[in-house]
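In: pasting a predicted model and its sequence here:
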There are 2 protein chains.
Amino acid sequence: MKGNAIVAQSGGPTAVINASACGVIQEAMKQSDIQGMYAAHNGILGVLNEEIFDMGKEEPEAIEGLKTTPASALGSCRYKVKSQEDFERIVAVFKKYDIRYFFYIGGNDSMDTADRVSKLAADEGYEMRAVGVPKTIDNDLAYTDHCPGYGSVIKYLATMVMEAGRDTEALYTTDTVNVIEAMGRNAGWIAAGCGLARRDEEDAPHIILLPERPFDKEEFKDRVRYFLDKLGRAVIVVSEGTKNPDGTYIAEQKGDFAKDSFGHTQLGGAGLFIKDLVEREVEVKARFAIPSTIQRTGIHFASLTDSHEAYMAGQRAVQHAVEGVSGKMVTLERTSSDPYKCETGLADLVDVANGEKYFPVEWISKDGFFVTEEFRRYATPLIRGEVEPTIKDGLPVFTRFKRHFVKK
Amino acid sequence: MKGNAIVAQSGGPTAVINASACGVIQEAMKQSDIQGMYAAHNGILGVLNEEIFDMGKEEPEAIEGLKTTPASALGSCRYKVKSQEDFERIVAVFKKYDIRYFFYIGGNDSMDTADRVSKLAADEGYEMRAVGVPKTIDNDLAYTDHCPGYGSVIKYLATMVMEAGRDTEALYTTDTVNVIEAMGRNAGWIAAGCGLARRDEEDAPHIILLPERPFDKEEFKDRVRYFLDKLGRAVIVVSEGTKNPDGTYIAEQKGDFAKDSFGHTQLGGAGLFIKDLVEREVEVKARFAIPSTIQRTGIHFASLTDSHEAYMAGQRAVQHAVEGVSGKMVTLERTSSDPYKCETGLADLVDVANGEKYFPVEWISKDGFFVTEEFRRYATPLIRGEVEPTIKDGLPVFTRFKRHFVKK
């Protein structure tokens, strides 16, 4: 099937989502069936607004630079396509620009969108193929062993925890506890990944708080005191999604405590809440760090394994589409753990759209405050190797596209 | 003068304070005048408590590993030596262990301590030499062109800003403003250093708030709106020490606004304050990040120039002391900017103790919200080159000493 192709990036960026875009674009440019290779500016909004630019007019070096550029170089968005009008508009735009291949790099919502678009096109008799490429730091997509983006976020965040842990080890006589807030609103995969930083008893982190384990304040305080007794310090990683036994987020806690400490529940977040709790109820000085979006864009110390797999997922999406596949997302399949080997597979978009993969409860240690060796075996291969961006004057160099927009 | 030497690390850690310790220790071990090479556990507390360990009993590889280990591997403290009793105790401990050489790696307070100890020893007729090695991420020591630790913190934080800036560039349709809080309670050097990340108009950061420039809320909001109009987004670096025109810290602001936003003034800090201000008064969604201690311990992307200079400062301290120098701190002297060349000099401890170097007002851009090209020329050479720690299973490997304590 000959025609044009479009690639779009959606949702929160990662360190390697551009590597997936690179895989799509470079592979598509090799395929004779694919004529124009377009990109949607800011995800699906670029389709809805007809802001579509031509990758054929970008420098090959700029495209190659995607491998070492963090975040979404095509632009992303948080727009959730819901209305029938929007879906019809997307198909109409695809028809207008003779777009026959749609590659959508994203999470559940994106897979849902890609699925509906391809079904609507089929209903309308417009032949096209939609293939999804997984992307999420949250590692919560079903039907794939892991998600591109995850290896890099945990490699970088675990390194931050190791380094800041040494800070606490040096200054424990005053700055005794250090709390680091990890992303992950619904699943504890990212916070759990910080467990890789701990190679021996002394190493940080000492405590990991996960959304999958209801927060028990008294047990937590006991655990902090245990490390204060043993090591004189404690480094705590708290997932932003950590919840009370009643299912509310810990930082949303109501009542006098919350009011006393920061009044406005939206502001602080889990890191500040835990820091405050430790200072008030364990009565030692605590510090806190909120790496926020920094953690997901750390290309300067991203996982090379993750980057390669992200590229491969994009590349395979194109190969499958040209071969006739549609309505599927490329998955990562671990074929061997030692030595680590990973190939790609396919899953139905509709299944991925409706699935969600929590951190397995059996990978939480018995005491509830750490991860098991089995998790370590799962996660370690994902963080091996380092992406090495070009450095100029001591800082990395990133790609930015010229964006030659296709005439409306 | 034959005798033992002791090295101590003080105050907040940096990525390269251990490189200075390595310079001291490796050079001391070459000097025949220096017999035992000791380390004080947790800075001057190790002397006061007689917790002194023998570097001669550590593996040479562990000592070499200091070059790629962040924070203070000897242990640090925030204890300010003030009482006559403490000073007398320090000199008594030095006498007891025949310590004739005292190398103190730290900032103003440490230089003050080293100075007083050496003077008291002289008064008591105990021959010893005290030489200081500069250390501070804050870059606020006088009599030195720059401070070991500074190049690494700004290299890493500027990289975080570049990377998180790409996140905002990708998601500006919803997450429009990103605020990153930089350390620096009294001087804006660290926040200013993030200016290096901005190579062109599009690049982050767009606005830098410095303690040296009183915060004008209306001008700030106008500046944010300017970038929203021009680029659709703004990335703001705010120094934790940014102050109101009346000299109070912005995050300490009193009145209804502060109460409404986070009630308890100690908790939030400048980053949260600015994020909140932007959301309330510019009415766009803002995110914030507080890298906190993470920024100062980033050995995985530390400046090799900084690391080399930190080592050199430690090494030269020993050489000078053996030659007879005492009561001095090693300084860094820039002998050429292009090509960059740096040598060491000496300054009186008492002068360094009483000096403080603010960020020069003439290096703030006219509009008050950025830094000048002249600052860029000053800072760029300090961040060149990358320290490369050994990596095992995707994460860095750090040194930890066995600490064979000398018998009391």
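Out: Yep, it's here.

In: all strands of chain A, in order?
Out: Taking DSSP state E as the test, the strands found in chain A are A:3-9, A:34-40, A:52-54, A:99-106, A:129-134, A:177-182, A:207-209, A:234-239, A:286-289, A:328-337, A:340-348, A:391-392, A:395-396.

In: how far off centre is the second one?
Out: Read it as strand A:34-40. Averaging C-alpha coordinates over strand A:34-40 and over its chain gives two centres that are 25 Å apart (Cα atoms, centre = their mean, to the nearest Å).

In: what of the longest one?
Out: In terms of Cα atoms, centre = their mean, the gap separating the centre of strand A:328-337 from the centre of its chain is 17 Å.

In: try the fifth one
Out: Between the centre of strand A:129-134 and the centre of its host chain there is 17 Å, according to Cα atoms, centre = their mean.

In: repeat for the fourth one
Out: The chain centroid and the centroid of strand A:99-106 are separated by 19 Å, computed with Cα atoms, centre = their mean.

In: again, but for stretch A:293-305
Out: Its chain's C-alpha centre and that of stretch A:293-305 lie 10 Å apart, by Cα atoms, centre = their mean.

In: can you get me the start-to-end distance on it?
Out: The stretch stretch A:293-305 measures 21 Å between its terminal residues, going by Cα to Cα, to the nearest Å.

In: what does the stretch 1-150 of chain A have sitting close to chain B?
Out: With Cβ under 8 Å from any Cβ of the partner chain as the criterion, the stretch 1-150 of chain A meets chain B at residues A:9, A:12-13, A:42, A:45, A:69-73, A:75-79. Just so you know, the C-beta spots here come from the backbone N, C-alpha and C atoms, and that holds for glycine as well.

In: redo that, cut-off 10 Å
Out: With Cβ under 10 Å from any Cβ of the partner chain as the criterion, the stretch 1-150 of chain A meets chain B at residues A:9, A:11-15, A:17-18, A:42-43, A:45, A:69-79.

In: now, which of those residues lie within helices?
Out: Counting by DSSP state H, the members of the residues of the stretch 1-150 of chain A next to chain B that fall within helices are A:I17, A:N18, A:L45.

In: pick out whichever of those sits closest to A:I63.
Out: Within the set of those, A:N18 lies nearest A:I63; the separation is 9.8 Å, counting by Cβ to Cβ.

In: from A:K392, how far off is the closest one?
Out: Distance, A:N18 to A:K392, using Cβ to Cβ, to the nearest Å: 19 Å.

In: circling back: mean neighbour count and distance to B:V282 added to the strands of chain A, as JSON lines?
Out: Rendered in JSON lines, the data for the strands of chain A read as follows (neighbours: other Cβ atoms under 10 Å in any protein chain shown; distance: least, Cβ to Cβ, whole Å):
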{"stretch": "strand A:3-9", "mean neighbour count": "25", "distance to B:V282": "27"}
{"stretch": "strand A:34-40", "mean neighbour count": "23", "distance to B:V282": "28"}
{"stretch": "strand A:52-54", "mean neighbour count": "20", "distance to B:V282": "29"}
{"stretch": "strand A:99-106", "mean neighbour count": "28", "distance to B:V282": "29"}
{"stretch": "strand A:129-134", "mean neighbour count": "28", "distance to B:V282": "35"}
{"stretch": "strand A:177-182", "mean neighbour count": "29", "distance to B:V282": "25"}
{"stretch": "strand A:207-209", "mean neighbour count": "25", "distance to B:V282": "34"}
{"stretch": "strand A:234-239", "mean neighbour count": "29", "distance to B:V282": "30"}
{"stretch": "strand A:286-289", "mean neighbour count": "24", "distance to B:V282": "26"}
{"stretch": "strand A:328-337", "mean neighbour count": "19", "distance to B:V282": "39"}
{"stretch": "strand A:340-348", "mean neighbour count": "16", "distance to B:V282": "43"}
{"stretch": "strand A:391-392", "mean neighbour count": "14", "distance to B:V282": "33"}
{"stretch": "strand A:395-396", "mean neighbour count": "22", "distance to B:V282": "29"}
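
In: and these as TSV, adding distance to B:V352?
Out: Rendered in TSV, the data for the strands of chain A read as follows (distance: least, Cβ to Cβ, whole Å):
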stretch	distance to B:V352
strand A:3-9	51
strand A:34-40	55
strand A:52-54	56
strand A:99-106	54
strand A:129-134	55
strand A:177-182	30
strand A:207-209	40
strand A:234-239	33
strand A:286-289	27
strand A:328-337	55
strand A:340-348	52
strand A:391-392	33
strand A:395-396	30
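
In: grab the nearest non-local neighbour of A:A8.
Out: In space, A:A8 comes closest to A:A40 once its chain neighbours are excluded; the distance is 3.9 Å by Cβ to Cβ, 6 or more residues apart in numbering or on different chains.

In: the one you found contacts A:F102, doesn't it?
Out: Yes. With contact defined as Cβ atoms under 10 Å, A:A40 reaches A:F102; the gap is 9.3 Å.

In: intersection of neighbour lists for these two?
Out: Between them, A:A40 and A:F102 share the neighbouring residues A:I6, A:V7, A:A8, A:V47, A:I90, with contact defined by Cβ atoms under 10 Å, 6 or more residues apart in numbering or on different chains.

In: bridging residues for the third one?
Out: When assigned by DSSP bridges, A:A8 has beta-bridge partners A:Y104.

In: so who does it touch?
Out: With contact set as Cβ under 10 Å, 6+ apart, A:A8 has these partners: A:21, A:24, A:38-47, A:52, A:72, A:74-77, A:102-106, A:110, A:113-114.
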